[in-house]
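Visitor: Test case, fold it:
(chains A and B)
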Amino acid sequence: MKHIITRDLTFAYEQKPEDNAENFALRGVSVSIEKGELVAVLGHNGSGKSTFAKHLNAILLPSGGSVTVAGIDTTEEDKLYEIRRRAGMVFQNPDNQLVASLVEDDVAFAPENLGVEPAEIRRRVDEAIELVGMQEYKRHEVHRLSGGQKQRVAIAGVIAMQPEILIFDEPTAMLDPRGRAEVMATIERLNRERGITVVLITHYMEEAARCGRVIVMDEGRVLLDGTPREVFPQVDRLREVGLDVPQPTQLMHDLRALGFSQLPGDVLTEEECVEALVAQIGGAHA
Amino acid sequence: MLNGFSFGQYFPGESALHRMDARVKLLLTIGMIVALFVAGGAVPMALLVALTLLLFIGSHIPLTVLWRSVRGILPLVIFMSLLNIFYIKGPTVLAQFWIFTITLEGVWRAIFLAVRIILLIVVTSLLTYTTSPIDLTDGLERLLSPLKKIHLPVHDLAMIMTIALRFIPTLIEETDKIMSAQKARGADIDSGSLVRRVRATIPILVPLFVSAVRRATDLAVAMDCRCYHGGEGRTRLKQMKLHRVDLFGVLGYACILAAVIGLNFLPFGVV
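Guide: This next block holds a predicted model:
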């Protein structure tokens, strides 16, 4: 089942985009995402990846083309809250998306807005807090939590709406390595255990490499779209648009360029890298 | 410099005061303030002091925390008390020198004033220390909800309060960071004349405002994403129900108020 479909999506922040073609942040993005996919959207600053994300729950509406989320066109005004409930969004700065001072009050915010019965809110809040592993902090004040913990509370606050799709707009950009690992583990678990479709906007290659699919954006268009193993070996094309590749992939690419052409180009993890190198050295000795 | 801030903070706990309904607590706080001004003699005042002490001990709030919120107001209390000692002239003269006359009535009035202000701070602090910000604003929203009929935006005001309470610590933290950053660039914040010090706050306030506006924009989008659309059709996680502790609270207060009024007729220490 197609969960998210965009057709020739264009968007301009200016009112009269005809004047200048450069005003377009998105210039014809056609993407379809299946239910249960874990998709990373990569791109340099200004590539349009955040603008793209904001179209997926009707924060922004297309200037041209269309966006269909869970079967609903995002321009259908009377279904606005239905779209936002189904497609939850988590932002970069954890501080700026928490509304209430206590963890459980904040997680309850969305279901309260949706008019859910109090007993059901309680059940959802407890479930969501447990899903992100914050049950010990239920009655804690959010400003005393670490960045990673705050971001997990923000995720719980969205999960409490029982969404089918989660959109993460650079959720780890402001976190320390430990917080980043916590948040990534939570995202992967939600995708794996709950079957939630995840769109992860990021500029960390290591995070993208863990996703099932990578979409690379540049200047408002989709440049590459495929599995990490298909996308990352194209080191030179990624460099052209100002992106790095995971270090193991980079090493393999450089070694191949030096003449070690037997080495595989589609290496993503350090383990694979070590294996390939051991095989190469072993082969050379034999 | 900003670490001493404790007014308006919440200290989670399980005491009777913590468990009391926020609406009842709000009303009783107002009731206590009324009682403070009704009390016109040393005996009823002593009763209120004893009651406040009891409430404080029962709330398990650390003394240092309470001291921090009282400390700030002390200079004002002392100043006003001194003013009263010298201004109020009664028939019972205690001491006289130069142009000053100190009378018994003046001393009593000064003591009453000091006790009233300090108890006022303590009682309102106890309210915020023992009530979570959400409960407090929820309680306020529900108490004021009859005013919706005259089109007062009660829900919106309560929401503004919730967000303000949520962001006070965040903005304080940010102020500290900006101050450090400006000091690292050689800004002199703590010395010089008053005018100089006021001018020195500009490089702190401007970035703070810019960041606050940015935060507000982000928060608005995040609230949109979580389907916020005002108070209409909104439900609540916490249902406010009155419990036995609330009944005891109200009954207790009624007794105290009656006692205060009754004890006002005692002739001792009356002004």
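Visitor: Endpoints of stretch A:68-75, how far apart?
Guide: End-to-end distance for stretch A:68-75: 9 Å, by Cα to Cα, to the nearest Å.
Visitor: ignore the last one, stretch B:91-111
Guide: Stretch B:91-111 end-to-end distance (Cα to Cα) = 18 Å.
Visitor: and the longest helix anywhere in chain A, what does it pack onto?
Guide: For chain A, the helix with the greatest residue count under DSSP state H is helix A:177-194. The contact analysis (3 or more Cβ pairs under 8 Å, 6 or more residues apart in numbering or on different chains; DSSP states H and E) places helix A:177-194 against strand A:38-43, helix A:118-131, helix A:147-159, strand A:165-169, strand A:197-202. In short, each C-beta sits where N, CA and C put it, glycine included.
Visitor: Toward the C-terminus, what is the element adjacent to the first one?
Guide: Sequence-wise, the next helix or strand beyond strand A:38-43 is helix A:49-55, with elements assigned using DSSP states H and E.
Visitor: wait, what's in contact with the residue most central in space within chain A?
Guide: Closest to where the C-alpha atoms of chain A average out (Cα atoms, centre = their mean) is A:Leu200, at 0.6 Å. Taking Cβ atoms under 8 Å, 6 or more residues apart in numbering or on different chains as the criterion, A:Leu200 is in contact with A:38-41, A:168, A:171, A:187, A:207-208, A:211.
Visitor: For A:Thr249, see how far away it is.
Guide: The gap separating A:Leu200 from A:Thr249 is 19 Å, by Cβ to Cβ, to the nearest Å.
Visitor: Enumerate the residues of the stretch 101-250 of chain A near chain B.
Guide: Counting by Cβ under 8 Å from any Cβ of the partner chain, the stretch 101-250 of chain A comes close to chain B at A:101-102, A:104-105, A:108-118, A:121-122, A:125, A:139, A:141-143, A:157-158, A:161.
Visitor: Out of the residues you listed, list just those in helices.
Guide: Using DSSP H, these in helices are A:104-105, A:109-113, A:118, A:121-122, A:125, A:157-158.
Visitor: Most widely separated two among those residues?
Guide: Longest distance between any two of these is 19.9 Å, between A:Pro118 and A:Val158; criterion Cβ to Cβ.
Visitor: Okay, now the unreliable bits of chain A?
Guide: Along chain A, segments meeting pLDDT under 70 span A:15-22, A:283-286.
Visitor: residues contacting the residue lying closest to B:Tyr87 once chain neighbours are set aside?
Guide: Distances taken as Cβ to Cβ, 6 or more residues apart in numbering or on different chains place B:Gly106 nearest to B:Tyr87, at 7.0 Å, with adjacent residues excluded. Taking Cβ under 8 Å, 6+ apart, we find B:Gly106 in contact with B:84-90.
Visitor: quick one on the thing from earlier: filter the residues of the stretch 101-250 of chain A next to chain B down to the buried ones, PyMOL style.
Guide: Per 16 or more other Cβ atoms under 10 Å in any protein chain shown, the buried members of those correspond to this PyMOL selection:
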select buried, chain A and resi 101+102+104+105+108+109+110+111+112+113+114+116+121+122+125+141+142+143+157+158+161
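Visitor: Return the residues of chain B in contact with chain A.
Guide: Near chain A, when you scan chain B using Cβ under 8 Å from any Cβ, you find B:10, B:12, B:132-134, B:162-163, B:165-166, B:169-170, B:173, B:214-215, B:218-219, B:221-229, B:233-239.
Visitor: Mind checking which of those are in strands?
Guide: Residues of the residues of chain B next to chain A located in strands (DSSP state E): none.
Visitor: buried subset of these?
Guide: Counted by 16+ other Cβ under 10 Å, the residues of chain B next to chain A give B:10, B:132-134, B:162-163, B:165-166, B:169-170, B:215, B:218-219, B:222-228, B:234-238 as buried.
Visitor: A:Phe11 should be in a strand, yeah?
Guide: Yes - A:Phe11 forms part of a strand when assessed by DSSP: H, G, I helix; E, B strand; the rest coil.
Visitor: Quantify the burial of the nearest residue to it once chain neighbours are set aside by counting its neighbouring residues.
Guide: Distance criterion Cβ to Cβ, 6+ apart; nearest residue to A:Phe11, sequence neighbours excluded, is A:Leu26 at 4.2 Å. If you count neighbours by other Cβ atoms under 10 Å in any protein chain shown, A:Leu26 ends up with 27.
Visitor: three-state assignment of A:Leu26?
Guide: strand.
Visitor: dump the residue contacts of it.
Guide: Counting by Cβ under 8 Å, 6+ apart, A:Leu26 has contacts A:9-11, A:48, A:51-52, A:55, A:220.
Visitor: so where's the longest helix in chain B?
Guide: Max-length helix for chain B by DSSP H is helix B:154-184.
Visitor: count of neighbours near B:Phe56?
Guide: Counted with other Cβ under 10 Å, B:Phe56 comes out at 18.
Visitor: isn't it right next to B:Val123, touching?
Guide: No - at 9.3 Å, B:Phe56 does not count as touching B:Val123 under the criterion of Cβ atoms under 8 Å.
Visitor: Which neighbours do these two have in common?
Guide: By Cβ under 8 Å, 6+ apart, no residue touches both B:Phe56 and B:Val123.
Visitor: Leaving out the residues flanking it, which one is nearest to A:Phe260?
Guide: A:Gln280 (6.6 Å).
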